[in-house]
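Engineer: Next input, structure requested:
(chains A and B)
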2 protein chains.
Amino acid sequence: MFEPNFDASEYDARLAKTRTAMAESGFDVLVVGDPANINYLTGYNAWSFYTPQVLIIPAAGDLVFYTREVDASGAVMTTRLSESQVRAFPERYVHQPDCHPMDWIAADMMEKDLGRGTVAVEMDTAYYTVRAHKSLENGLPGATIVSAQELVNWVRSVKSDLEIAKMRTAGKIMTNVMTTALDFIEPGVRQCDAVAEIYATAVRGLPDAGGDFTAIVPMIPTGPGTGIPHLTWSDKPFKQGEATVLELGACYERYHSPLARTIFLGQPPERLVSTADIVSEGMEAALAAVRPGVLAEDVERAWRDVISRYGLTKATRIGYSIGVGYPPDWGERTISLRPGDKTALVPNMTFHMILGMWMDGWGYELSESFVVTETGHERFASVPWGLTVK
Amino acid sequence: MFEPNFDASEYDARLAKTRTAMAESGFDVLVVGDPANINYLTGYNAWSFYTPQVLIIPAAGDLVFYTREVDASGAVMTTRLSESQVRAFPERYVHQPDCHPMDWIAADMMEKDLGRGTVAVEMDTAYYTVRAHKSLENGLPGATIVSAQELVNWVRSVKSDLEIAKMRTAGKIMTNVMTTALDFIEPGVRQCDAVAEIYATAVRGLPDAGGDFTAIVPMIPTGPGTGIPHLTWSDKPFKQGEATVLELGACYERYHSPLARTIFLGQPPERLVSTADIVSEGMEAALAAVRPGVLAEDVERAWRDVISRYGLTKATRIGYSIGVGYPPDWGERTISLRPGDKTALVPNMTFHMILGMWMDGWGYELSESFVVTETGHERFASVPWGLTVK
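Structural biologist: Residues are numbered from 1 along each chain as shown, chains lettered A, B, ... in the order given. Below you'll find the predicted structure:
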């Protein structure tokens, strides 16, 4: 009933890659705090990351997962970790001013001989706090504590075929979600009612593949808000004569395929129509540039070459690596499609290419999620490009 | 169109309380990283916290909000912060291995004379990372950097009447959400389809008050999963002869009123029926203990006195302060209803009292969100207690 989403061999391969990267960096122990990385390495999936939890990866030997007492049995039940591999800090450590769960965890790591040598820690991840880290530093006095940077995230950046299959499923759900949203939005309809349809479609998923929560909530800035990328929604109605940008996600077994489109209710202004056309041309050029061996920055250049011919510029990156995600982000924080990123693309890397043009009080977005194939790319969703006008 | 949810006087009062607490602690500058605290103090509400953002509160003078370049205009448009109060780190700092947005922010703080004296930082909040903090420490060499602990969270713990009104609205939405969920769950219905109804009802909200995203996603452990509190859902069907625990939330303008209930499909086992009865009796006793002047631990004792008569124990706290929330938590990380918490209740404190009995392979939950009144308490939602059997 609670099987992880992949066979043991898949998780074994991921761990082996992680340990190879650890060895290359000279890490004796890796402390993983990002829930997406924990899910990737163990299959663990629960909303338990609001109290501290870390996965400890020694260079050799058993992984150890530290979590809260009430969550420990769930970790055993839903992963292949054994009871002895799941260690629970006592309940009394939760949300206290004078002690922290990481005090207990560090002491336990010392007992298990996991607190010496070079201990690499994920230092730029959301739920591993400054206070947690201070407790770890105090509790492991013999260790050399260094930043792990995005070691596991980089391992994640090239997917297995099994992972690509999950993302294809998420893409199918995404197609339904965006189609539903574009159908539902009309003048006078409340924004929240459209988002209700979006959520319901995303979570219902497909007949043979239910949807999961997305790492980012629906973002549907409307009217003057379309000049800003990250507004969510209100209970005000959509208005005739206004645009709405939809940056939405779909998730299947924690794998994401996001998608962005733009809709205008009424007769769109010329600047929006022409921007939409230019962005489609830029999308075509950028996607055409995608193939193994091409650098991330080359993909962006193909886009920039198009828009600069029309006198447009875009300061922000045009895409980033995607996959497993938990709030606050479905991005992997590794590869960005932007000048200076010299990562060479390889098959089974996956990206969200998002062409967001945020102007002064208006804007336009078009995006695609795709996988790099042997010869080019394959899109996960299937929704027409261009401005939807109704 | 983009007015904050409260008048300026409400935000002024919050800031004044925060500054009083800062003065008592001897803080010259407060660095606020928790999106809930930022929302509380400014009204800012966007999904922009996946890149670094901090609100700087000097003991006197203008607040300064630091965020990403693409989000800056949104902060000006949706709050009462002026353009000069919103400072944007350049786009090139996003997700880079060799520089961090907080490098730029710290340098800018130095220029604005915000980097000296005792600088108190929220060190146990999600989204303010270890790496961000190291950049801040390096960038403010003249400052004495200390932990702010949960200073703003404590200011938030006693609500204004305007905030209570928002939570009452969230409670009304919550009543609809739970009623919908209990109606919809049947043997053979997929879990994800029930969650689709839950999301749609929560986000649709009321005719005059649309719902917002909740800080925690629906948690509906079912069957053997009911022994574990924080599992989410799958696409498997609910089964005849199994229980499902529903811990759900509703949110209105970022204010939460969560609620938990338990449903059994078929003839429930005697242990579940008797546990449900005991928990209802314990809930009644605990709520009856709530009034101004009573200590948080006294409320828990009233509960414990009841269940211990039946030979039951519960290691976890039975409740916590609630209000504004962003993922990962609608709790405020301040007051807990548990032994040792000697906080005296005062009117307009708000709690989620959650009586979760997590056993070996089975469990039961009953909860209420409520406000402390002059004479006792007022519940936000209105859903019958006890095990729902169908």
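Engineer: What's the per-residue pLDDT of the closest residue to A:M174 other than its chain neighbours here?
Structural biologist: Spatial nearest neighbour of A:M174, excluding adjacent residues (Cβ to Cβ, 6 or more residues apart in numbering or on different chains): A:A250 at 3.8 Å. Backbone N, C-alpha and C define where each C-beta goes, glycine included. We have a pLDDT of 98 for A:A250.
Engineer: Over to A:E3?
Structural biologist: Note on A:E3: pLDDT of 79.
Engineer: Confirm it sits in a helix?
Structural biologist: No - A:E3: not assigned to a helix; according to DSSP: H, G, I helix; E, B strand; the rest coil it is coil.
Engineer: Give me the phi and psi for it.
Structural biologist: For A:E3, the backbone dihedrals are phi -60, psi 140 (criterion: degrees, to the nearest 10).
Engineer: How many residues are close by it?
Structural biologist: By other Cβ atoms under 10 Å in any protein chain shown, the residues close to A:E3 number 10.
Engineer: about what we covered before: looking at it, the residue nearest to A:M174 is touching A:T179, isn't it?
Structural biologist: No - here A:A250 lies out of contact with A:T179, judged by Cβ atoms under 8 Å, at a distance of 11.5 Å.
Engineer: in chain A, what spans have low per-residue confidence?
Structural biologist: A:1 (pLDDT under 70).
Engineer: Now the residue of it most remote from its centre. Its backbone dihedrals?
Structural biologist: Distance from the C-alpha centroid of chain A, by Cα atoms, centre = their mean, peaks at A:Q267 (35.3 Å). Taking degrees, to the nearest 10, you get phi -90, psi 110 for the backbone angles of A:Q267.
Engineer: Likewise for the one 3 residues further on?
Structural biologist: In this entry, A:E270 is assigned phi and psi values of phi -60, psi -40 (degrees, to the nearest 10).
Engineer: and the gap between it and A:G282?
Structural biologist: 18 Å (Cβ to Cβ, to the nearest Å).
Engineer: of these two, who's got more company?
Structural biologist: Higher neighbour count among A:E270 and A:G282: A:G282, with 26 against 8, using other Cβ under 10 Å.
Engineer: The stretch 101-250 of chain A: strands as residue ranges?
Structural biologist: A:117-121, A:143-147, A:243-248 (DSSP state E, counting those that start in this stretch).
Engineer: Make TSV from these and add mean neighbour count and distance to B:G115 to it.
Structural biologist: What follows is the strands of the stretch 101-250 of chain A, written out as TSV (neighbours: other Cβ atoms under 10 Å in any protein chain shown; distance: least, Cβ to Cβ, whole Å):
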stretch	mean neighbour count	distance to B:G115
strand A:117-121	21	26
strand A:143-147	16	23
strand A:243-248	26	35
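Engineer: For these, could you give me TSV that also reports distance to chain B?
Structural biologist: Formatted as TSV, the strands of the stretch 101-250 of chain A follow (distance: least, Cβ to the nearest Cβ, whole Å):
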stretch	distance to chain B
strand A:117-121	7
strand A:143-147	7
strand A:243-248	9
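Engineer: how's chain A carved up into domains?
Structural biologist: A:8-156, A:161-389 (automatic domain parsing).
Engineer: And the contacts of stretch A:72-80?
Structural biologist: Here stretch A:72-80 makes contact (Cβ atoms under 8 Å, 6 or more residues apart in numbering or on different chains) with A:2, A:4, A:8, A:11, A:42-46, A:48, A:65, A:67, A:81-83, A:86-88, B:224-225, B:227-231, B:360.
Engineer: Look up how far chain B lies from A:A59.
Structural biologist: As judged by Cβ to the nearest Cβ, to the nearest Å, A:A59 and chain B stand 22 Å apart.
Engineer: ok, that residue - contacts?
Structural biologist: Contacts for A:A59 (Cβ under 8 Å, 6+ apart) come out as A:R19, A:M22, A:A23, A:F27, A:D28, A:V29.
Engineer: Now do the third one against chain B, distance only.
Structural biologist: Yep, that's A:A23 we're talking about. Counting by Cβ to the nearest Cβ - A:A23 and chain B are separated by 20 Å.
Engineer: Could you find the closest non-adjacent residue to that residue?
Structural biologist: A:A23 sits nearest to A:A59 (Cβ to Cβ, 6+ apart), 6.8 Å away.
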